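**Q** Compute the structure for the input listed below.
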Amino acid sequence: MRNSFIHVTLSFLTFTILLTPSIAQPQPSIIFPVHQLLNKTSSWLDFPTKFNQPKIELTASTIIAAVLSFLAATISSAGGIGGGGLYVPIMTIVAGLDLKTASSFSAFMVTGGSIANVGCNLFVRNPKAGGKTMIDFDLALLLEPCMLLGVSVGVICNLVFPNWLITSLFAVFLAWSTVKTFGNGVYYWRLESEMVKVREASMVGEEENDDKVESVKLPLLGDYERPKRFPWMKLGVLVVIWLSYFAVYLLRGNKYGEGIISIEPCGITYWLLSSTQIPLTLFFTLWICFSDNVQGSQCSDHQVSVKDVEDLRSNDGGRSNKCMFPVMALLAGVLGGVFGIGGGMLISPLLLQVGIAPEVTAATCSFMVLFSSTMSAIQYLLLGMEHTGTASLFAIVCFVASLVGLMVVQKVINQYGRASIIVFSVGIVMALSIVLMTSYGALDVWNDFISGSYMGFKLPC
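**A** Model (predicted):
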């Protein structure tokens, strides 16, 4: 496991070195900076003037934003979700960045945390699933195409819907998801308590009961053996899916016609290229559902054995459940695109609701978040994103914080034998996101109302 940490760290440092260092000029923040003391400390961060890059000013607001981002990444890493719902409010309210810059920073920060999560879980074996990897590649294959399509649809809806509708939908849906998540956490907590009682009642006991109880105490970062057969083909298919959608984004560009080819902004070619995502999604999803080489049986193996989910394991219900997961991913992607927070925070409660084990949910969600966040970060770079140096520094903060969060979760689960803390950590992030994002959105709506701005539906272009 130590070797995995070394490889993950070196890979992440290589990724950040390739980025051009720069810094954002923060807008006035609600935190008063202490320039005289902190600017002396930041003198070592000066860059050559030939690059025309501004000096990094280490203010109190940026330090507080970095500390809060560290805490947010630590909590988010336990649940395997990106944490964008926390990063955006932190960067806008505390660091004083505008929403567009904060969103680009959030993409880099989520990428940093996801690299740490995936690097720790990619080559880890899950004894509860017969030695398969902790990441459920079958589940990721079923979810990823529809989630990417949903994000694209959600982004268009975000442009059309008024702010008050987006804020209201965000508050209602995330509140419902938070209640469901905490309900699942309570269920898993009680289930773990019953397992512990069974173990204490039978000190010698049967081997089957011992295996069930011991599996609860397996940490996220436990020193498991590597699987004999790593699913390289499934990983390759996921990469092909990512490249296919990325090629569409690269050719299409944004609504202003900024891409690698010159097309009319929001013209016929723009929408034709955008619509190619639909047949791509149908092709990949149907191929994965009906392919003999890509089986979905791993989903059933990852579900809690004590829970009443026999229908999910039956042969008759297997194909219907395969269709259910893409629909869930499409819904999560649309809502994630509308709210601008990514799909990890939304797909995680749905997976927990159908009975996927908490540790598998966390590992699989972080794996999927890595694909979506890297695509967003690269798109920001290709479209001329500024301040990539500062974004990379915050990404490093989130990378380290995610490693710390995973190690803390390991120790807690190993000591108390309760994987349900993963579920509770997801619920905590969602509850904090409701408070921060809803408050920020409500203030935005109030400002629009006072200023007399148009508050109805808009055209996407």
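**Q** Spit out the contact partners of A442.
**A** T167 (Cβ atoms under 8 Å, 6 or more residues apart in numbering). Using the backbone N, CA and C atoms, a C-beta is placed for each residue, glycine as well.
**Q** Sorry, wrong one. I was asking about L71.
**A** L71 touches A401, counting by Cβ under 8 Å, 6+ apart.
**Q** 10 Å instead, please
**A** Contacts for L71 (Cβ atoms under 10 Å, 6 or more residues apart in numbering) come out as 86, 90, 401, 405.
**Q** mind checking the longest helix of this protein?
**A** helix 163-201 (DSSP state H).
**Q** Report the two of the contacts of L71 separated the most.
**A** Maximum pairwise distance among the contacts of L71 (Cβ to Cβ): 16.2 Å, between I90 and G405.
**Q** returning to what we had before: save the contacts of L71 as CSV, and put in secondary structure and distance to T276 too.
**A** Shown next, in CSV, are those (DSSP: H, G, I helix; E, B strand; the rest coil; distance: Cβ to Cβ, whole Å):
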residue, secondary structure, distance to T276
L86, helix, 34
I90, helix, 36
A401, helix, 38
G405, helix, 38
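**Q** can you pull out the strands in this protein?
**A** In the chain, the strands defined using DSSP state E lie at 125-126, 132-133.
**Q** Mind telling me which of these the model trusts least?
**A** Ranked by mean pLDDT, those bottom out at strand 125-126, with a mean of 62.
**Q** where are the low-confidence patches of the stretch 51-200 of the chain?
**A** Counting by pLDDT under 70, the stretch 51-200 of the chain has low-confidence residues at 51-57, 123-132.
**Q** if you set the cut-off to 80 instead, what comes out?
**A** By pLDDT under 80, the low-scoring segments of the stretch 51-200 of the chain are 51-58, 78, 98-101, 103, 122-134, 196, 199-200.
**Q** and the gap between the nearest residue to G456 once chain neighbours are set aside and C146?
**A** Spatial nearest neighbour of G456, excluding adjacent residues (Cβ to Cβ, 6 or more residues apart in numbering): P162 at 5.9 Å. Per Cβ to Cβ, to the nearest Å, P162 is found 27 Å from C146.
**Q** Of those two, which one has the most company?
**A** Per other Cβ atoms under 10 Å, whichever of P162 and C146 has more neighbours is C146, with 24 against 16.
**Q** what's the pLDDT at P33?
**A** For P33, the pLDDT comes out at 44.
**Q** before we move on, back to that, and of the contacts of L71, the nearest to D138?
**A** Taking Cβ to Cβ as the measure, D138 lies nearest G405 of the contacts of L71, at 26.2 Å.
**Q** Around that closest one, count how many other residues there are.
**A** With other Cβ under 10 Å as criterion, G405 counts 26.
**Q** Spit out the contact partners of it.
**A** 70-79, 113, 116-117, 220, 398, 425.
**Q** now do 8 Å
**A** G405 is in contact with 73-78, counting by Cβ under 8 Å, 6+ apart.
**Q** Same check on V408?
**A** 74, 78.
**Q** And the residue nearest the centre of the protein?
**A** In the chain, the centroid-proximal residue (Cα atoms, centre = their mean) is G82; its distance is 3.0 Å.
**Q** isn't that residue right up against V110?
**A** Yes: when contacts are counted by Cβ atoms under 8 Å, G82 is listed as touching V110 (3.9 Å).
**Q** how near is the closest residue to G85 other than its chain neighbours to F325?
**A** Spatial nearest neighbour of G85, excluding adjacent residues (Cβ to Cβ, 6+ apart): S433 at 3.1 Å. Using Cβ to Cβ, we find S433 at a distance of 24 Å from F325.
**Q** Relative to L149, how far out is the residue lying closest to V153 once chain neighbours are set aside?
**A** Among residues not flanking V153 along the chain, V334 sits closest, at 5.2 Å (Cβ to Cβ, 6+ apart). As judged by Cβ to Cβ, V334 and L149 stand 9 Å apart.
**Q** any idea how far N158 is from the residue lying closest to P89 once chain neighbours are set aside?
**A** Closest residue to P89 apart from its sequence neighbours, by Cβ to Cβ, 6+ apart: L436 at 3.7 Å. From L436 over to N158 the distance is 18 Å, taken as Cβ to Cβ.
**Q** Which one's more surrounded, those two?
**A** Legend: neighbour count by other Cβ under 10 Å for L436 and N158, higher for L436 (19 against 16).
**Q** any idea how far G185 is from that one?
**A** 21 Å.
**Q** same check, this time on G267
**A** Distance from G267 to G185, by Cβ to Cβ: 49 Å.
**Q** who has more neighbours, the two?
**A** Neighbours were counted for G267 and for G185 using other Cβ under 10 Å; G185 has more, 22 against 11.
**Q** which residues touch that one?
**A** Contacts of G185 were listed using Cβ under 8 Å, 6+ apart, and they are 420, 423-424, 427.
**Q** Need the nearest residue in space to it, chain neighbours excluded.
**A** Setting aside the residues directly before and after it, G185 is nearest to V423 in space (Cβ to Cβ, 6+ apart), at 3.7 Å.
**Q** Look at the one you found and say how many residues are nearby.
**A** 27.
**Q** Report the contact partners of it.
**A** Here V423 is in contact with 79, 181-182, 184-185, 188, 352, 358 (Cβ under 8 Å, 6+ apart).
**Q** any chance of those residues in a markdown table, plus distance to S61?
**A** Converted to a markdown table, those look like this (distance: Cβ to Cβ, whole Å):
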| residue | distance to S61 |
| --- | --- |
| G79 | 28 |
| T181 | 32 |
| F182 | 33 |
| N184 | 37 |
| G185 | 34 |
| Y188 | 39 |
| L352 | 36 |
| P358 | 36 |
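**Q** Compare these and tell me which is most surrounded.
**A** Neighbour counts for the contacts of V423 (other Cβ under 10 Å) peak at G79, which has 32 neighbours.
**Q** What about the closest residue to it other than its chain neighbours, how many residues nearby?
**A** With Cβ to Cβ, 6+ apart as the criterion, G79 has its nearest non-adjacent residue at 3.5 Å, and that residue is V426. V426 has 31 neighbours, counted by other Cβ under 10 Å.
**Q** and what of S451?
**A** Burial of S451, expressed as a neighbour count using other Cβ under 10 Å, amounts to 7.
**Q** got it, and V151?
**A** 25.
**Q** Then S275?
**A** By the measure other Cβ under 10 Å, the count of residues near S275 is 12.
**Q** how near is it to L149?
**A** Using Cβ to Cβ, we find S275 at a distance of 11 Å from L149.
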